[in-house]
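Undergrad: Any chance you could fold what I've pasted below:
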Amino acid sequence: MLPIIWAVFVVCAVGGFLAVAAYWLDIQDRPDFAPRTRIGWSIGIFAFPVSIPLYAFFGGPGWPPFLKVVAFLPAVALTLFIGFVAGRFG
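TA: Below you'll find the predicted structure:
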């Protein structure tokens, strides 16, 4: 079971990095955001497991359904990482 969980973790980690990049680039490319709003959403990157799904569903970017699913990958990767560190898998 460990190889399967490890493979899922790797896919989620790589996808999570892409989701963080997509989130940050989308915020920087939004001309309708005031500078203060752009800075606020940019600071949200430090709370990425929560801020990326919030932005995808409520930030008004109009992300397609695929990217809305990808928005949860960083949270899944972080959860699996904590599970590895805590010895839950093995």
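Undergrad: In contact with the closest residue to Ala71 other than its chain neighbours, which residues are there?
TA: Distances taken as CB to CB, 6 or more residues apart in numbering place Ala56 nearest to Ala71, at 3.9 Å, with adjacent residues excluded. Glycine gets a C-beta too; all of them are placed from N, C-alpha and C. Counting by CB atoms under 8 Å, 6 or more residues apart in numbering, Ala56 touches Tyr23, Trp63, Leu67, Lys68, Ala71.
Undergrad: Show the average pLDDT along stretch 51-68.
TA: The average pLDDT for stretch 51-68 rounds to 86.
Undergrad: Show the pLDDT at Gly90.
TA: 69.
Undergrad: Sorry, wrong one. I was asking about Leu78.
TA: We note a pLDDT of 95 for Leu78 in this prediction.
Undergrad: What is the helix or strand harbouring it packed up against?
TA: Using DSSP states H and E, Leu78 sits in helix 73-86. If contacts are counted by 3 or more CB pairs under 8 Å, 6 or more residues apart in numbering; DSSP states H and E, helix 73-86 sits against helix 2-28, helix 48-58.
Undergrad: For the residue nearest to Ala71, give its distance to Phe89.
TA: From Ala56 across to Phe89, the span is 28 Å (CB to CB, to the nearest Å).
Undergrad: do the same with Val11
TA: Taking CB to CB as the measure, Val11 falls 15 Å from Phe89.
Undergrad: Run a quick neighbour tally on Leu18.
TA: Neighbour count of Leu18, defined by other CB atoms under 10 Å: 14.
Undergrad: The closest residue to it other than its chain neighbours and Phe89, how far apart?
TA: Using CB to CB, 6+ apart and skipping the chain neighbours, the partner closest in space to Leu18 is Val70 (7.2 Å). Separation of Val70 from Phe89 (CB to CB): 23 Å.
Undergrad: Who has more neighbours out of the two?
TA: Neighbours were counted for Val70 and for Phe89 using other CB under 10 Å; Val70 has more, 21 against 13.
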